[in-house]
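K.L.:
please work out how this folds:
(chains A, B and C)
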Amino acid sequence: MAGSPQGGAGHIALVDVNNFYVSCERVFDPRLEGRPVVVLSNNDGCVVARSAEAKALGVKTGAPWFQVQAQAKAWGLVARSSNYELYGDMSARVMEVVGRFGAWQEVYSIDESFVGLMGDAGALAESGRQIRAAVDRHVGVPVCVGVAGTKTLAKFANRIAKQNPALGGVCALDAMPAGHVDAVQSRVPASGLWGVGGRTAERLKLLGIESIADLKAADPAMIRKKFSVVLQRTVLELNGTECIPHAEERVDKQQIMFSRSFSTPVTTVEGMESVMAVYAQRGASRLNQEGLRASAMTVTAGTSRFAAGEGSFPAVTLRFAAPTQDPIVLIRAAVAAIRQSAVPGASYLRAGVMFSGLEPVAGQDVLEVFDTAGSQPGVGDVLGEVRGKFGSLAIGLGIGGLAEPPSWSMKREHSSPRYTTEWAELPVVRA
DNA sequence: TCTGGGGTCCTAGGACCC
DNA sequence: TCTGGGGTCCTAGGACCC
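P.N.:
As a prediction, the model looks like this:
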């Protein structure tokens, strides 16, 4: 089992940004402070982030925007389209600041990281407060910090920090009054834990295991037998045994996806062919950015999951004779795959391409001499270079080269500027 | 009319081999 | 015609997370 990397008194802090996407929007638009704000998914489809005020109004994550929108005006609710370029850049800034405080850091998601802290309960809580202050000063977004001996408990401590304003956003589990932690664990259902979802919670209930405290007291061997090694680890971690290993810097992605729903349905096979031409190209451009090539590609499409009737959900996986990132090869293959598998007349709402069997381009092998002809850059590199200099709409292949987006492309009606990553969209300060 | 997009890990089962 | 047991690799699907 993974011990603390420092040996001895290692603790784990889970630091995450409160309502991350909303907080990013607020940094650049202070008018949003104190107001109910939501950030919408791609296509302005549903709510993916909510400010505290929006949560208080009962707006749920995943709620379809067209339903929420009805009351938005009466509530004074503001919506923003998601602006992933901005959030990605803000995320990097937060991670850099948080990382300064840890003996090690593991970035877990766009807004969370685990960091290694040392010291007694008092020192741990003090480190938590320093992290909060530093992120506030250097980036301007609010974070919460949970500190404990295992990742699962750090997540739990973070939850306590969030739910008790009196704690000032920091909870070091060891510094809490003993009885208090037990009381919370008896009250909170097991599904509130990291790693325990709805399905598992239902099955646990059949065994009489309902609260976190119940799960903590369960026999790990029985849990392993009836459920999985994953849930067994949760039980052990609740009891203070660290057994979720630190993911060493995982640079090697295992798959790359590009998947989107459309603003208006596509009902012809030819229409789907042009969609795939664009999507395969977007995917290929991601492969190129990551310096990877793929040995397999899966092409998918789907009609509405909410419509009556059967629907159509084609999914075709193709394997390439040699791994590739060549957009021309990828586009041809994707278009051919959708031509075979799309049902004429079906009303498609979404499509995607997924690349797997990834490997770095750098490891040039002998065979590759034949398709790259010496040191000539591939088509993907040329496209990437032009886009880097002149913007992402500057160049493309086939329909993917149209500067005017086709009718089915994404809806983003409430987008904020890319304040930190596009010179043309820098915020302007007037004094 | 309108319901996200991207990932990871684990397990079971099939194919194949010796 | 018989036909065990062990191993690997791959894939699909489930569950979960943010």
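
K.L.:
going by C-alpha atoms from here, please, whenever you check contacts or count neighbours.
P.N.:
OK.

K.L.:
which residue comes closest to the closest residue to DNA strand C within the stretch 201-350 of chain A once chain neighbours are left out?
P.N.:
Nearest to DNA strand C in the stretch 201-350 of chain A, going by CA to the nearest atom of the strand, is residue A:201, at a distance of 6.0 Å. With CA to CA, 6 or more residues apart in numbering as the criterion, residue A:201 has its nearest non-adjacent residue at 5.5 Å, and that residue is residue A:191.

K.L.:
I'd like to check what contacts stretch A:34-48. Which residues are they?
P.N.:
A:21-22, A:49-54, A:60-66, A:75-82, A:260-263, A:410-413 (CA atoms under 8 Å, 6 or more residues apart in numbering).

K.L.:
is there a quick ChimeraX command that grabs whichever of those are buried?
P.N.:
Filtering the contacts of stretch A:34-48 down to the buried ones (16 or more other CA atoms under 10 Å) takes a single ChimeraX command:
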select /A:21,22,49,50,51,52,53,54,60,64,65,77,78,79,80,81,82,260,261,262,263,410,411,412
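
K.L.:
just the ones in strands from the contacts of stretch A:34-48, please.
P.N.:
A:49, A:50, A:78, A:79, A:80, A:81, A:260, A:261, A:262, A:263 (DSSP state E).

K.L.:
turn the residues you listed into CSV, columns for pLDDT.
P.N.:
Below are the ones in strands among the contacts of stretch A:34-48 laid out as CSV (pLDDT from 0 to 100):
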residue, pLDDT
A:49, 96
A:50, 97
A:78, 96
A:79, 96
A:80, 96
A:81, 94
A:260, 92
A:261, 92
A:262, 92
A:263, 88
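
K.L.:
and those residues near DNA strand B, which?
P.N.:
Restricting the ones in strands among the contacts of stretch A:34-48 to those near DNA strand B by CA under 7 Å from any atom of the strand leaves A:260, A:261, A:262.

K.L.:
indicate the residue of the stretch 1-150 of chain A located nearest to DNA strand C.
P.N.:
Closest approach between the stretch 1-150 of chain A and DNA strand C, counting by CA to the nearest atom of the strand: residue A:109, at 5.1 Å.

K.L.:
that residue: how many residues sit nearby?
P.N.:
By the criterion of other CA atoms under 10 Å, residue A:109 has 10 neighbours.

K.L.:
and it, bridged to which residues?
P.N.:
In this entry, residue A:109 is beta-bridged to residue A:112, by DSSP bridges.

K.L.:
against residue A:94, how distant is it?
P.N.:
Separation of residue A:109 from residue A:94 (CA to CA, to the nearest Å): 12 Å.

K.L.:
got the ones in strands among the contacts of stretch A:34-48 as a markdown table, with distance to DNA strand C columns?
P.N.:
Putting the ones in strands among the contacts of stretch A:34-48 into a markdown table (distance: CA to the nearest atom of the strand, whole Å) gives the following:
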| residue | distance to DNA strand C |
| --- | --- |
| A:49 | 10 |
| A:50 | 13 |
| A:78 | 21 |
| A:79 | 19 |
| A:80 | 18 |
| A:81 | 16 |
| A:260 | 15 |
| A:261 | 16 |
| A:262 | 20 |
| A:263 | 21 |
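
K.L.:
between those, which is nearest DNA strand B?
P.N.:
Nearest to DNA strand B out of the ones in strands among the contacts of stretch A:34-48 is residue A:260 (CA to the nearest atom of the strand; 2.9 Å).

K.L.:
what residues does the closest one make contact with?
P.N.:
Contact analysis of residue A:260 by CA under 8 Å, 6+ apart lists A:42, A:350, A:351, A:352, A:410.

K.L.:
what is it paired to in the beta sheet?
P.N.:
residue A:351.

K.L.:
could you pull out the strands for chain A?
P.N.:
Assigned by DSSP E, chain A shows strands spanning A:11-17, A:37-40, A:47-50, A:78-81, A:105-109, A:112-117, A:143-148, A:170-172, A:255-266, A:292-303, A:315-324, A:348-360.

K.L.:
which residues are in contact with the fifth one?
P.N.:
To tie it back to what came earlier, the one meant is strand A:105-109. Defining contact as CA under 8 Å, 6+ apart, one finds that strand A:105-109 is touched by A:95, A:99, A:113, A:114, A:115, A:116, A:246, A:247, A:248, A:249.

K.L.:
using TSV, lay out these together with distance to DNA strand B, pLDDT and neighbour count.
P.N.:
TSV is the format used below for the contacts of strand A:105-109 (distance: CA to the nearest atom of the strand, whole Å; pLDDT from 0 to 100; neighbours: other CA atoms under 10 Å):
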residue	distance to DNA strand B	pLDDT	neighbour count
A:95	18	97	20
A:99	21	96	19
A:113	15	97	20
A:114	15	96	26
A:115	18	96	22
A:116	20	96	21
A:246	10	82	16
A:247	7	74	9
A:248	9	65	8
A:249	11	60	9
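
K.L.:
DNA strand B contacts on the stretch 101-250 of chain A?
P.N.:
Counting by CA under 7 Å from any atom of the strand, the stretch 101-250 of chain A comes close to DNA strand B at A:228, A:229, A:230.

K.L.:
any chance of those in CSV, with neighbour count too?
P.N.:
As requested, these are arranged in CSV below (neighbours: other CA atoms under 10 Å):
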residue, neighbour count
A:228, 13
A:229, 14
A:230, 13
